[in-house]
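# Dropping the sequence and predicted coords here.
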Amino acid sequence: MRRIIAMTALTLFVTGVALAEETMVLPGKQAGDVPFTHQKHTEALKSCQPCHSSESGGKIEGFGKESAHKLCKDCHVQKEAGPTTCSGCHKK
């Protein structure tokens with residue numbers, strides 16, 4: 001029984017880590033897709049709230065071209081980190 005509990009806990013832990021490291025591809029339509037590494041941003045920002053409405057994360061409501069440019073690009077400019085040009089984010 002202890003082995004089952006330990007294996008279940010390990011599986012849940014590894015799954016959580018794998019999901020956090022996942023690189024998502026945000027569709028960029030005409031300009032090209034934008035690869036996004038969640039873990040890299042989580043480590044840099046130390047909080048979910050710069051992007052999400054709460055500390056628990058979740059879907060970003062109304063996320064689209066204008067909001068992405070305002071949220072992402074403005075953050076990169078303000079922190080002087082990350083790409084700020086079209087080709088820096090969008091990959092064709």
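Thanks, I have the structure now. Because the structure is a prediction, the values reported are computed rather than measured.
# So what's the predicted local confidence for Ser53?
Per-residue pLDDT puts Ser53 at 88.
# Repeat that for Pro35.
94.
# Which of the helices or strands spans Gly57?
Secondary structure from DSSP states H and E places Gly57 outside every helix and strand.
# Next up, the contacts around it.
Cys48 (Cβ atoms under 8 Å, 6 or more residues apart in numbering). Just so you know, the C-beta spots here come from the backbone N, C-alpha and C atoms, and that holds for glycine as well.
# Tell me the spacing between it and Thr42.
According to Cβ to Cβ, to the nearest Å, Gly57 and Thr42 sit 9 Å apart.
# Next: Cys48.
Separation of Cys48 from Thr42 (Cβ to Cβ): 7 Å.
# before we move on, what about Pro50?
Using Cβ to Cβ, Pro50 is found at 10 Å from Thr42.
# Neighbour count: those two, which is higher?
Thr42 (15 against 12; other Cβ atoms under 10 Å).
# Could you look up the SS state of the more buried one?
Classification of Thr42 by DSSP: H, G, I helix; E, B strand; the rest coil places it in helix.
# Quick check: Leu71 touching His52?
No - contact criterion Cβ atoms under 8 Å: Leu71 and His52 do not qualify, at 10.3 Å.
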